[in-house]
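Novice: Have a look; sequence and predicted model below, questions after that.
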Amino acid sequence: MQGQNQQQAYDRGITIFSPDGRLYQVEYAREAVKRGTASIGVRTPEGVVLVVDKQTRSPLLEGSSVEKLHKIDDHVGAASAGHVADARQLVDFARQQSQVERVRYDEPIGVRTLTKSVTDHIQQYTQVGGARPFGVALLIAGVEGGEPRLFETDPSGTSNEWKAVAIGSNRGDIQEFLEDEYDAGLSVDDGIDLALRALNEGREDALSGDGVGVGIVDADTGTYRELAADESQSYIDDIEDAADDSDDDDDEE
Amino acid sequence: MQGQNQQQAYDRGITIFSPDGRLYQVEYAREAVKRGTASIGVRTPEGVVLVVDKQTRSPLLEGSSVEKLHKIDDHVGAASAGHVADARQLVDFARQQSQVERVRYDEPIGVRTLTKSVTDHIQQYTQVGGARPFGVALLIAGVEGGEPRLFETDPSGTSNEWKAVAIGSNRGDIQEFLEDEYDAGLSVDDGIDLALRALNEGREDALSGDGVGVGIVDADTGTYRELAADESQSYIDDIEDAADDSDDDDDEE
Amino acid sequence: MQGQNQQQAYDRGITIFSPDGRLYQVEYAREAVKRGTASIGVRTPEGVVLVVDKQTRSPLLEGSSVEKLHKIDDHVGAASAGHVADARQLVDFARQQSQVERVRYDEPIGVRTLTKSVTDHIQQYTQVGGARPFGVALLIAGVEGGEPRLFETDPSGTSNEWKAVAIGSNRGDIQEFLEDEYDAGLSVDDGIDLALRALNEGREDALSGDGVGVGIVDADTGTYRELAADESQSYIDDIEDAADDSDDDDDEE
Amino acid sequence: MQGQNQQQAYDRGITIFSPDGRLYQVEYAREAVKRGTASIGVRTPEGVVLVVDKQTRSPLLEGSSVEKLHKIDDHVGAASAGHVADARQLVDFARQQSQVERVRYDEPIGVRTLTKSVTDHIQQYTQVGGARPFGVALLIAGVEGGEPRLFETDPSGTSNEWKAVAIGSNRGDIQEFLEDEYDAGLSVDDGIDLALRALNEGREDALSGDGVGVGIVDADTGTYRELAADESQSYIDDIEDAADDSDDDDDEE
Amino acid sequence: MQGQNQQQAYDRGITIFSPDGRLYQVEYAREAVKRGTASIGVRTPEGVVLVVDKQTRSPLLEGSSVEKLHKIDDHVGAASAGHVADARQLVDFARQQSQVERVRYDEPIGVRTLTKSVTDHIQQYTQVGGARPFGVALLIAGVEGGEPRLFETDPSGTSNEWKAVAIGSNRGDIQEFLEDEYDAGLSVDDGIDLALRALNEGREDALSGDGVGVGIVDADTGTYRELAADESQSYIDDIEDAADDSDDDDDEE
Amino acid sequence: MQGQNQQQAYDRGITIFSPDGRLYQVEYAREAVKRGTASIGVRTPEGVVLVVDKQTRSPLLEGSSVEKLHKIDDHVGAASAGHVADARQLVDFARQQSQVERVRYDEPIGVRTLTKSVTDHIQQYTQVGGARPFGVALLIAGVEGGEPRLFETDPSGTSNEWKAVAIGSNRGDIQEFLEDEYDAGLSVDDGIDLALRALNEGREDALSGDGVGVGIVDADTGTYRELAADESQSYIDDIEDAADDSDDDDDEE
Amino acid sequence: MQGQNQQQAYDRGITIFSPDGRLYQVEYAREAVKRGTASIGVRTPEGVVLVVDKQTRSPLLEGSSVEKLHKIDDHVGAASAGHVADARQLVDFARQQSQVERVRYDEPIGVRTLTKSVTDHIQQYTQVGGARPFGVALLIAGVEGGEPRLFETDPSGTSNEWKAVAIGSNRGDIQEFLEDEYDAGLSVDDGIDLALRALNEGREDALSGDGVGVGIVDADTGTYRELAADESQSYIDDIEDAADDSDDDDDEE
């Protein structure tokens, strides 16, 4: 109880430090990320894969309108987890930064540069009063100088580069799965497969082509595209076939 | 009791995160939506239907002055639920966006683009201090490239596209009814019928032509219009006849 | 007790939502309206009648200086209930809007358009911080395209159009009286009579020509004028005569 | 006790409504008016009389520096009660309004127009945050179109026109005295006499020419002037003589 | 205890009214004045005398640097009591006003006009939020049209004109002494004498030329000057001689 | 308990003094520094060494993206400890200052001048309201006039120059180690060795080339560079060999 | 306990008066000064001496980087005690004022004028909201018209001129020592000696050339310079020799 009262003392008004040096509003914003459905990124030599859980709550909802995958520029895509409307703000900000860079230098923005712009923007909302932090995390995937790159932004304004990473609900389990199964030499197809299987770990319902989103940045072409629902479904079918086989194997052991 | 105190700690001043990552002011604004009478949208291949509950409290009140249906542009209409004056602000904002787009590009604004403008506007009121969130949800119905489209905005600034959806009082029951009865091949007449029957589910009083509002965006003509009270009444009469028949049927089973 | 504490938590600083989606400052502003003496509007085919209770507290007070009836434009008048100085601000705002419209379009402002301007202004004070809501309700009466119209504005920024309506002290009883007695085919004289009798319902003291104000927007001439005290008195005398007769009748039953 | 706590909840920060629709800061400002010494206005057909209580606390204080009577314009004077420095602000504001009007229209400002400017200014301090209300009431006396006029402003921004009125300390008793004794056909001399006698009602000490201030707006000349101390003293002497006579009479009864 | 809690409720944030119409922050600022050492002003037909108590706490402190007497303009001086740095702000403000007036009208500012400027400035800090009131009182002494004038400003922004007055520590006793001993026909020398004796009343330590400051505005020359420490000392010596004589007399009684 | 309550009273809103003259928000920001992994600076006659602990939490994380070492200019590098996004803001600020200086004076910025700019920027966030202090400390290493220099900035805006210093987690033990082992005549290689051994003191896990970052400002060339992971590893190997030898020695004693 | 609660009520948000007329935030800022190591100023006919305690906490810290002595202009130096980063702000402000004055009038700024600028700046932070007071005191030493001058500024914005004065830790004892030992006819060497001995009074550790700073403004040359560590050491050695002698003497008594 005492700890809880102490905690309440630091979460009002502007974002300030607690006696142990924490920023509670930022930590609570991280909780908002965990309340969002999961998004997964996997980097392979051939490109970066983004897979998102769209979990539509009603059959009458158009899955395509669930904002979890976002095209930022020709060569960059993003997946989000957390507060949906906040994600849209950051995505808009990222798109503007990309266009400004193109106009100014006549070349595509670097993925790292873009990520830095976004996280600087996020940081301001954790230090200056009059607004709350952004309650969303992003995976920013792109190609830079032919190299696939995958960055994560968090509500504190920190960014990290990953080989494979999960954000949102059930992050712990999914990340553990990725660490067990990730291989540096994956093909893009393997990457999609890995991400879908990882997503499946953290879900009770079965996956469906409508219920997930898959985005790919291809290293060769340097372009981002999103799979159609039936394309996604065929990957899911493959996993399930493999899982059935695997179950059989398990039984035999 | 303890939970209530904890909750109170997060609902003052600007909109900030609670320890579990929620924005209470946004959630309370959703409660303001639930306090409003219901509005229903149904998308059919022929167009989108909006039906609103106008429940006039006094026989001396002019039903036509109850602001629940709003024309946004020639090809877009909206239905609202929640805080009436807030709805008017958002509707005005949407109208301005439509006109700006027409002037700038000499063509009607896309329904999705319009919805995004509105939800970006809503989001600002959930992040920046000095104002409360909007206590209203909108259904934005329109035709875009010949395609009927139906979007919902909520107080967090999230938007979703729906085949059929309800906002406001008794949303749960009405949405369930829509999920049971909705059919992708409905005519506009069927859509009105469905929406009125769904609205009837959540009411104690009988429906009347004066007590409901019906708006239609026609896919062919690409124009929004609202039915007169007697037009609405004739649809209600049809439902009641059918209901009587249905009751008879029920008795026989 | 518990409910009261909960309520207190939401009424400080800027206007924010309570957990059940209410805006307490707006509701308290409605209480300020109820603390004001009553004003009544009655719409007839011949024009709109406004009757206000001026209840002068001292014989030395000039009744004509009690600000309850306000000329907005040649064709529009208003009656207020609640915080007197707030009413004056809204009335000034309405007059400016009328003049701006005349200058811009060279024609009188529509009554509905005018009401919308006023309620938009009111709404801002319920959403943006740094000011309290307006503690006043207005009845806006006018002629638009030859049609008599009667609107009510409330402290939330909602407007409604009425056939007959009361604001301020004792609203409930007076409104009930109006609903019982209102007839769509009333003459203006009948309307004044109805409004005065309704006002009488909610008072302990006898009515007097000095103690009430009567404003009329005539549908034919499209102009607003206020009755002199002796004109008002003669209407009151008629009512009292009728009431005496009616008392006799009552005795006989 | 409970009522007091409830009250405290509404008097901090900006001026907001209490659950029963009151503005406590405005009501407290009215208390500040009551803490000031009394000022009295009496309107007669010949002009308006202002009488103020200057109660100098020390024989070393220059009574002439006690700011209770204020010349606003050639044809307008004012008397104040309450927070002295606040009064000076409003008086300065009134003087500026008068000069602006003269420059703009080349004629003296109307007393009612002037009063409205002042009360609009006062109202702003009761609605917009960041400042407290004015803790002062004014009596504004002037001649408009040959007619003597007497207005009162209060801390809410409400104005009223009076035949005779008191503000400040002991208002209740003085006002009652005025209601008993006021006569519409008074001469200016009678008016001074009435006001001084009324002021005497609410005092323990004897009146003196130094301890009161008398201002007169003459209807004929349309000018405001203040009496010298010896002029005031002679009026006081007359009253005392009359009072002695009256005492004799009383004794006889 | 209860009274104290109630009081605490009104002294935070901006300056607001208490339920009994008081401005606690202003009253507390008056306490800050009382915490300052005393300053005394005495007006005589020949000029105005200002005497201040400089009570140096350490022999190493340069008494001349204690800011209690301030030259405002050639013909105006001031003495302060209370918060030293606040006094400097007001003195600077007064000097600027004097210079502005000289530049604009090419003549010395009136003492009353100057005092009004200063008190208007002070009043703003008691009404508009975001700053605290000035914790200082001033005695403003000058010559206007050949007439000696002596004004006092207090933290509320009120000004009063005095024949003789004290501010700061022990005001009550000193003022009483002044009222007993003041004579309208004093010479300037008598005035210095009176002020020094009055100051002596409220002190435990003996007066010294270093420990007091004496300023004089001469009515003939219309100029302000401050006495050197030895000049002051000679006045003190005279008093002490007189006091010794007087003590002898007392002994005899 | 009492002390804790007292402490809570001073850590909300803007940064203000506690009764004992402390700025709690600044002290809490220092706690945020301690929560960060350690960074160490060692100054030698040949140049300055920066060693940082990158402790990657997951094998999938790219160690190179952990922002602990920062190039500021050709001749200046920095190491940070604490809030990562805050560090990036200060590093960006430092880079801008360096470029401005180059453009303005056409020569590299002095290390001391640069440090002062940064700490002035930090100080503003501890005095002016509306933002929290920076939760980060920096070690700024550079060459100025051929001289190696090493500065530390802390969240209060204080800077100090050091021969060798540690910031972040476990600072106390590491600093003690540095004080015991530091020698003014170290080579750069010795400096790296010392810093790595000091870092090892404060860790449970073994050091690795990936898990640490090493930056060097060379006094001769006046340039900053960061070691590759394998270069770092070879230094670590040397230490471990030496440690093994040393362990043997220890055993023998 | 009661006193403590009362005190807490006045130290939040902006700087406001307590019921007894105190500004707690300013008093707490004075505590911040007392937390700083001591600085001493001694004025002699030959010039002004500033001596500061630099107490380096670690042998690895460069004593020269401890910011306690500051050159303001050729003819002015300053010593600070309290919050280090705040001191730097005031010193920068003072330097700018000096340069502005030189540019504007082509002559060195007066020491008193400079001090006034600084204290006016300090005062603003005690009256206007949105920032805390400066937690630092300065000794400003300079030559003005050939005269040595020594001023002290405190966190309230008050300045005083001194013959000899101490600020910071242990002020009381050091000041008492200065009052006992100060002599108006000291040489600069004597002044350094006096200041160092005074500093020694308030310390447990022995003084060292590295651990103190000595600044001198020479009256003849009108220039400020700081002693090197070995120069300071030789003064310390002299004192210790004298102290040893003195101890012998003491023993004999």
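Specialist: Alright, I've got the coordinates. Numbering: from 1, shown residues only, chains lettered A, B, ... in the order given.
Novice: Give me the three-state assignment for the closest residue to A:Q89 other than its chain neighbours.
Specialist: Sequence neighbours aside, B:Q123 is the residue nearest to A:Q89 in space, at 6.1 Å (criterion: CB to CB, 6 or more residues apart in numbering or on different chains). Any C-beta I mention is one placed from the backbone N, CA and C, and that applies to glycine too. With DSSP: H, G, I helix; E, B strand; the rest coil as the basis, B:Q123 sits in helix.
Novice: Stretch A:104-122 close to chain F?
Specialist: Yes - contact of stretch A:104-122 with chain F (CB under 8 Å from any CB of the partner chain) involves A:116, A:119-120, A:122.
Novice: Now that stretch: buried residues?
Specialist: Using 16 or more other CB atoms under 10 Å in any protein chain shown as the test for burial, stretch A:104-122 gives A:108-112, A:114-119, A:121-122.
Novice: Repeat that for stretch A:224-244.
Specialist: Applying 16+ other CB under 10 Å to stretch A:224-244 flags A:224, A:226-227, A:229, A:232-233, A:235-236, A:239 as buried.
Novice: what sits up against that stretch?
Specialist: Outside stretch A:224-244, the residues within contact range by CB atoms under 8 Å, 6 or more residues apart in numbering or on different chains are A:63, A:69, A:71-77, A:141-142, A:189, A:192-193, A:196-197, A:200, A:206-210, A:212-218.
Novice: I'd like the mean pLDDT over the lengthiest strand in chain A, please.
Specialist: Ranked by residue count and defined by DSSP state E, the top strand of chain A is strand A:136-144. Mean pLDDT, computed over strand A:136-144, is 97.
Novice: Within the sheet, what are the partner strands of it, with directions?
Specialist: Here strand A:136-144 has these sheet partners by DSSP bridges: strand A:76-82 (antiparallel), strand A:147-153 (antiparallel).
Novice: hmm, back to that, now a PyMOL select for only the buried ones of the contacts of stretch A:224-244.
Specialist: Selecting only the buried entries of the contacts of stretch A:224-244 in PyMOL, with 16+ other CB under 10 Å as the criterion:
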select buried, chain A and resi 63+69+71+72+73+74+75+76+77+141+142+192+193+196+197+200+207+209+210+212+213+214+215+216+217+218
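Novice: From the contacts of stretch A:224-244, which land in strands?
Specialist: Counted as lying in strands by DSSP E, out of the contacts of stretch A:224-244, are A:69, A:71-73, A:76-77, A:141-142, A:212-218.
Novice: Widest-spaced pair of the residues you listed?
Specialist: Using CB to CB, the ones in strands among the contacts of stretch A:224-244 reach their maximum pairwise distance at A:D73 and A:V212, which is 23.1 Å.
Novice: Can you flag which of the residues of stretch A:104-122 next to chain F belong to strands?
Specialist: Reading strands off the residues of stretch A:104-122 next to chain F, I find no matches (DSSP E).
Novice: of all those, which comes closest to chain C?
Specialist: Of all the residues of stretch A:104-122 next to chain F, A:I122 has the smallest distance to chain C: 24.5 Å, by CB to the nearest CB.
Novice: So, low pLDDT: which residues of the stretch 1-150 of chain A?
Specialist: A:1-15 (pLDDT under 70).
Novice: circling back to that earlier point, now do the longest strand of chain A: distance to the chain's middle.
Specialist: Put simply, strand A:136-144 sits 7 Å off its chain's centre (CA atoms, centre = their mean, to the nearest Å).
Novice: With stretch A:210-219 instead?
Specialist: How far stretch A:210-219 lies from its chain's middle: 11 Å, per CA atoms, centre = their mean.
Novice: And for stretch A:76-90?
Specialist: 8 Å.
Novice: for stretch A:21-29, same thing?
Specialist: 20 Å.
Novice: ok, now stretch A:131-144?
Specialist: 8 Å.
Novice: Pull out the buried residues from that stretch.
Specialist: Buried residues in stretch A:131-144, defined by neighbour count with 16+ other CB under 10 Å: A:131-144.
Novice: so which of these comes closest to E:P148?
Specialist: Of all the buried residues of stretch A:131-144, E:P148 sits closest to A:A131, with 59.0 Å by CB to CB.
Novice: So what pairs up with A:V49 in the strands?
Specialist: Here A:V49, judged by DSSP bridges, has bridge partners A:V42, A:I216.
Novice: Sounds good, over and out.
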